[in-house]
Each structure stands twice: as C-alpha cells, then as structure tokens.
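Asker: after the sequence you'll find the predicted model.
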Amino acid sequence: MSGDPLRDRPFGLTDGDPDLPAVLEAQASPAAFAVLYRRYLDLVYSYAFYSLGDHHDAEDATERTFLAALRAIGSFEDRGATFRAWLLRIARNTIANSRRSRFRRRTSTLDALEEHPPAPDADPAVLSLRADEVRLVRHALAELPEDRRQVVLLRFVEGLSAREIGAVLDRSEGAVRVLLHRALREMAQRLPR
C-alpha cells in the first residue's frame, strides 16, 4: 500500500466517476458522507417525489435511501456504474418498498398531486390548458408498466444517461434504450395529438 487513496482504492472503482474522491473519503470516514448527501439530496428527493407523488412519502424515502447508502458506502464498488447510479438504485428499492407499504395502507396515487399555485398575473386560459396537459401526461405516465415508468422518470426528470439508468435498473444500455423507446411510443399513443 502506497498510502495514495486513488491508487489504493477498492477493486472496481474507476476514475470515470466524478464522485470518486468523495466516495473514498466517505469510505474512510462516515462523517465525509455529508458531501455526497448535500450533492445528491435534491436528485434523490425529486426522483422519490415523481415516483411516489407525495411530499411526505418522498421525504421518508429520501431519508431511508441516504441511511441505507451510508450503511453500505464501505462496500460500494463501481463495476461500470457511477455512485449516482448506485445511490438511485438504492432509492429505487426504497421507493418500491414505500409503494408496497402504500398499497397496504390504500393511500392516494399520482393523480392526487397538488398543483403549484399560479402566478398572480398568469393568463387563466393558458393555466387551464397547461394544467390539462400536465394531468394527461401524469395519467399516461402512471399507466405505463413499472419498468417503463422508471426509465422515463430517470431519463427526463433526473437526467440520467442510458448507462446510469441501466445500472439503476440492472439492465443493459441497449435494453434501457428499447424500454425508453417503447415507453415514449406508448405515452404518445395515450396522449391526444
């Protein structure tokens, strides 16, 4: 061992992950995990919110995601995926558990999302049209099979690449592209021209 943290890193970590220095620090000292937490808090929360449709459930899922990631940071290995993809995979599993729990409690669905209040000077006709479009898109998204819905959320809400989505969903890049294509085609069929 040379004492160089980049040279002595665990097997599988690559220099292609921009989070590598922060991950190595967090593996050496759990207190250093705060950097990763601050960096990805908004990403994980928005993914949870768009997946669950409820602010409280999203906050709970976000908290559970980061607690699980902190417990598992010592075992993180890149294996071709970034830390961001690894974290969102934990979030995906946490969200799935939340959905199962919600199903047992029979709480509301994605359609129950509150709209953001309009600007005071907004044109009511434009607001009405936009609200209708949002409702149609949410409805079309909610009716997609789970894997297709996840691909759309990860790509267009979270901005992940096909490679990162593949790591989150445990699929190849090609399979992710096919899923995304099918999801968008299916949504287009459900939406009015």
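Answerer: In hand now; what should we look at? Numbers count the residues shown, from 1 in each chain.

Asker: and the longest helix along the chain, how far out from the chain middle?
Answerer: The longest helix of the chain (DSSP state H) is helix 83-105. Computed by C-alpha atoms, centre = their mean, to the nearest Å, the separation of helix 83-105 from the middle of its chain amounts to 9 Å.

Asker: now swap in stretch 186-193 and tell me
Answerer: The chain centre lies 24 Å from the centre of stretch 186-193; the measure is C-alpha atoms, centre = their mean.

Asker: list the buried residues for it?
Answerer: By 16 or more other C-beta atoms under 10 Å, the buried positions in stretch 186-193 come out as Glu186, Met187. (Each C-beta comes from the backbone N, C-alpha and C, glycine too.)

Asker: now do stretch 131-149
Answerer: Arg138, Ala140, Leu141, Leu144, Arg148, Arg149.

Asker: pull out the CA atoms of the next helix or strand after the longest helix of the chain and give them to me as CSV.
Answerer: Sequence order places helix 124-142 as the next helix or strand after helix 83-105, per DSSP states H and E. Only the C-alpha atoms of helix 124-142 are listed here, as CSV (Å, rounded to 0.1, in the frame of the first residue of the first chain):
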residue,chain,number,x,y,z
PRO,A,124,-56.3,31.7,-16.8
ALA,A,125,-56.8,30.2,-20.3
VAL,A,126,-53.1,29.3,-20.6
LEU,A,127,-53.1,27.9,-17.0
SER,A,128,-56.1,25.8,-17.7
LEU,A,129,-54.6,24.4,-20.9
ARG,A,130,-51.3,23.7,-19.1
ALA,A,131,-53.0,22.0,-16.2
ASP,A,132,-54.9,19.8,-18.6
GLU,A,133,-51.7,18.8,-20.4
VAL,A,134,-49.9,18.0,-17.1
ARG,A,135,-52.9,15.9,-16.0
LEU,A,136,-52.8,14.0,-19.3
VAL,A,137,-49.0,13.4,-19.1
ARG,A,138,-49.2,12.3,-15.5
HIS,A,139,-52.1,9.9,-16.3
ALA,A,140,-50.2,8.5,-19.3
LEU,A,141,-47.1,8.0,-17.2
ALA,A,142,-49.0,6.4,-14.3
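
Asker: alright, that wraps it up for me.
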